[in-house]
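Student: Here is the input, now give the coordinates:
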Amino acid sequence: MPEIEIGGQERIAELEKANQALRTEILECKSSENEMMKLKDKLEAEIRDVNVLHTLGTQHIEGIGSHSIYLEIVDTAITITKVDKGNIQLLDQSTGKLKIVVHRGFDLPFLNFFESVATGEAAACGAAMKRMDGHRRSHSKSHIHWERCP
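Tutor: Residues are numbered from 1 along each chain as shown. All right, here's what the predicted structure looks like:
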């Protein structure tokens, strides 16, 4: 009888080891499945973003007014980058300053302060414009700004 018990205990140990291996494999499969779901969600979000950009490009081709297109660009940039605020500044050729042409989410004090920014001013947009001056000059200089808020 002791031989049967020894054989039975060995078999139980083998089965417990196989059971543990199966549990580990199941956990790995669940982890892989979760990772695939995250990647699927990310891909779906990227496809939505590309569709939004395509729609935006189509509007420009159809001749919709530039102000509406600029608002769509800001809204799209805010959505894609998952931030709370954004604006577009264009270069006013007559003054040489950047002017905010559209915005979302900014308060009046911010808009008043950055209403017009010259090259070299301590603002990021002025510094960006100064860097652009050394590389190229064109009538279409612009600066797009967006930020995440806590």
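Student: Run through the strands of the chain in chain order.
Tutor: Along the chain, the stretches classed as strands by DSSP state E are 85-92, 97-104, 116-118, 142-147.
Student: domain parsing for the chain?
Tutor: What automatic domain parsing lists as the domains of the chain is 1-64, 66-147.
Student: looking at these, which one has the lowest mean pLDDT?
Tutor: Across these, domain 66-147 has the smallest mean pLDDT, namely a mean of 74.
Student: Longest helix in the protein, please.
Tutor: Using DSSP state H to define each element, the chain has its longest helix at helix 2-61.
Student: now it, how far from the chain's geometric center?
Tutor: Its chain's average C-alpha position is 26 Å from that of helix 2-61, according to C-alpha atoms, centre = their mean, to the nearest Å.
Student: Mind putting the domains of the chain into a markdown table with mean neighbour count?
Tutor: Every residue, glycine included, has its C-beta placed from N, CA and C. Formatted as a markdown table, the domains of the chain follow (neighbours: other C-beta atoms under 10 Å):
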| stretch | mean neighbour count |
| --- | --- |
| domain 1-64 | 10 |
| domain 66-147 | 15 |
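Student: Output the strands of the chain in JSON lines, with distance to Phe110 appended to each entry.
Tutor: Output for the strands of the chain, formatted as JSON lines (distance: least, C-beta to C-beta, whole Å):
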{"stretch": "strand 85-92", "distance to Phe110": "9"}
{"stretch": "strand 97-104", "distance to Phe110": "9"}
{"stretch": "strand 116-118", "distance to Phe110": "12"}
{"stretch": "strand 142-147", "distance to Phe110": "10"}
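Student: Which of those sits closest to Lys17?
Tutor: Relative to Lys17, the nearest member of the strands of the chain by C-beta to C-beta is strand 142-147, separated by 55.6 Å.
Student: Tell me which residue is most central in the protein.
Tutor: Thr81 (2.9 Å; C-alpha atoms, centre = their mean).
Student: For that residue, give its distance to Val74.
Tutor: As judged by C-beta to C-beta, to the nearest Å, Thr81 and Val74 stand 11 Å apart.
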